[in-house]
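Trainee: let's see this in three dimensions:
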Amino acid sequence: MDEDEMQEMLEIVAELSRKYASGDSTSITYETAEQLMGAVQYCINEYESEDSTCRDDAGDRIESAEIDESARKKSLTRLPESGSLSVRARYDAGRRILSQKVRTSLNSYNSLMEHFDAYGNHNLNDVVTKAIPGFFKYYDHRYYPQNTIITCDYPTIIPPFISIEKEVKSHRRDDREEEMNSETYTGIDAISRYICYITIEQSFIGRMPRDFVIRILKVNDASYEHQFYNISSILIYHVLGCLFIGKKLTEEFSQPDYEELYMKIKGMKSRQSVRDKQGESAHGSNAKESDADMKNGEESDVLVTVMKSLLRDMVSHIYEGFPGMYEYFSPEAVSFARRLNNVSEVRYLRNVLV
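Mentor: Sure, this is the predicted structure:
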């Protein structure tokens, strides 16, 4: 941002300051001035983050994780690039996008509440029925849009403060560097994602009989009602385990099931070991390409590949390709596969899934 643009921004901050202090901009504190500067930057970022991307009529970005391709084609419009607009124009456009995002998110929340079920988990219930409404009640999109207000105590699989693409990519690596460097979200940007992720979880669990869901949660942890972990993780592990051995999804794992699962894992480990040894004996360009794949985060583990394939099939065939579900649960498929790989005896599988 050059000197002229900075001056434009300061003028907008001064204007906000006068309105905030009822005409007396000299009475605001340094902290408030900093808050208002952040508010202006937030609105500009709302516009610039959409720059040169397709949007719907409301100005919201159309993401593949939220709507399908047919809906995308029906609602494409393109706004001018930020370089062709003044700071004032970008701020005003960002404010309009922000206002619409609040309305859209509130509508999404109301839709979520039509069939919401916490399955007895007090933390999830409190977050959805108390915390999120509190956010909408106190959110100040004019003077403090960057304020997230609530702490999002129910831990979604992908935190609402980072992008779904960054989180999925980070799980392809052994380290968390990608996640640490990923873009962070605050305010309505974070809460809209939070609502979206909880909606995906509810849609996933909602296809199962309620008594079965509660039974699985209780078998896994008798005090699950009072815990602060993600309850859908327990169910996605169960479903992937069932799909892996061809078991009915609405049945608990028995001892023969654990033994069959263990033997399949053991067989895959053996094949993986053979493949790894063959890879070690490779020379020249093939070895270099393999190293490059690992550096780029390509997954070489057979079990991880299988679990992600099972997840993709589940979303496609059982959930009719529910938008964003595969991307959301993909990190859990990777974590599940790696936990299975670390099991040394069949009895320890009970610590992974039920």
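Trainee: got a list of what residue 333 touches?
Mentor: 236, 240, 304, 307, 308, 310, 311 (CB atoms under 8 Å, 6 or more residues apart in numbering). (Each C-beta comes from the backbone N, C-alpha and C, glycine too.)
Trainee: neighbour-wise, which of those leads?
Mentor: Of all those, residue 307 has the most neighbours under the rule other CB atoms under 10 Å, reaching 26 neighbours.
Trainee: is that residue in contact with residue 237, as I believe?
Mentor: No. Contact between residue 307 and residue 237 fails when scored by CB atoms under 8 Å: they sit 9.8 Å apart.
Trainee: so what sits against both of those two?
Mentor: Common neighbours of residue 307 and residue 237 (CB under 8 Å, 6+ apart) are residue 336.
Trainee: helices along the stretch 201-350 of the chain, start to end?
Mentor: Along the stretch 201-350 of the chain, counting by DSSP state H, counting those that start in this stretch, helices occupy 210-220, 231-245, 255-281, 285-295, 302-317, 325-341.
Trainee: distance from the longest one to the middle of the chain?
Mentor: Its chain's C-alpha centre lies 31 Å from the corresponding centre of helix 255-281 when counted by CA atoms, centre = their mean, to the nearest Å.
Trainee: could you do stretch 200-216 as well?
Mentor: Per CA atoms, centre = their mean, the centroid offset for stretch 200-216 relative to its chain is 19 Å.
Trainee: okay, buried residues for it please.
Mentor: Using 16 or more other CB atoms under 10 Å as the test for burial, stretch 200-216 gives 200, 201, 202, 203, 204, 205, 213, 214, 216.
Trainee: also stretch 313-326?
Mentor: So for stretch 313-326, counting by 16+ other CB under 10 Å, buried means 314, 315, 322, 323, 324, 325, 326.
Trainee: redo those residues as TSV? Include distance to residue 40.
Mentor: What follows is the buried residues of stretch 313-326, written out as TSV (distance: CB to CB, whole Å):
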residue	distance to residue 40
314	45
315	40
322	37
323	33
324	31
325	36
326	37
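Trainee: quick one: which of these is nearest to residue 15?
Mentor: residue 324 (38.6 Å; CB to CB).
Trainee: in which helix or strand does the residue most central in space within the chain reside?
Mentor: The centroid of the chain falls nearest to residue 158 when counting by CA atoms, centre = their mean (3.7 Å). If you go by DSSP states H and E, residue 158 is not part of any helix or strand.
Trainee: I'd assumed residue 198 was in contact with it.
Mentor: No. Between residue 158 and residue 198 there is no contact under CB under 8 Å: 11.2 Å.
Trainee: quick check: pLDDT value at the residue nearest to the centre of the chain.
Mentor: As predicted, residue 158 sits at a pLDDT of 95.
Trainee: likewise for residue 185?
Mentor: Reported pLDDT for residue 185: 95.
Trainee: after the strand or helix carrying residue 10, next one along is what?
Mentor: Element membership of residue 10 [criterion: DSSP H and E] is helix 3-20. Next helix or strand after helix 3-20 toward the C-terminus (DSSP H and E): helix 30-48.
Trainee: buried sites along that next one?
Mentor: In helix 30-48, counting by 16+ other CB under 10 Å, buried: 32-33, 35-48.
Trainee: give me the below-cutoff pLDDT ranges for the chain.
Mentor: 25, 50-83, 164-183, 274-300 (pLDDT under 70).
Trainee: sorry, back to before: next, the residue nearest to the centre of the chain: phi, psi?
Mentor: phi -110, psi 120 (degrees, to the nearest 10).
Trainee: what about it, distance to residue 146?
Mentor: Distance from residue 158 to residue 146, counting by CB to CB, to the nearest Å: 21 Å.
Trainee: what's the answer for residue 159, then?
Mentor: In terms of CB to CB, residue 159 sits 17 Å off from residue 146.
Trainee: what of residue 354?
Mentor: Distance, residue 354 to residue 146, by CB to CB: 42 Å.
Trainee: same deal with residue 324?
Mentor: As judged by CB to CB, residue 324 and residue 146 stand 25 Å apart.
Trainee: then residue 231?
Mentor: Note on residue 231: its distance to residue 146, by CB to CB, is 30 Å.
Trainee: which one of these two has more residues nearby?
Mentor: More crowded of residue 231 and residue 146, by other CB under 10 Å: residue 231, with 24 against 19.
Trainee: the more buried one against residue 221, yeah?
Mentor: No. Counting by CB under 8 Å, residue 231 stays clear of residue 221, with 9.5 Å between them.
Trainee: now for the helices of the stretch 201-350 of the chain, which one comes closest to residue 27?
Mentor: If we rank the helices of the stretch 201-350 of the chain by CB to CB, the stretch that ends up nearest is helix 325-341, at 46.4 Å.
Trainee: just to revisit the earlier point, distance to residue 137 added to the contacts of residue 333, as TSV?
Mentor: Formatted as TSV, those follow (distance: CB to CB, whole Å):
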residue	distance to residue 137
236	33
240	39
304	43
307	41
308	40
310	42
311	37
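Trainee: how about residue 162, phi and psi?
Mentor: Main-chain dihedrals, residue 162, degrees, to the nearest 10: phi -130, psi 160.
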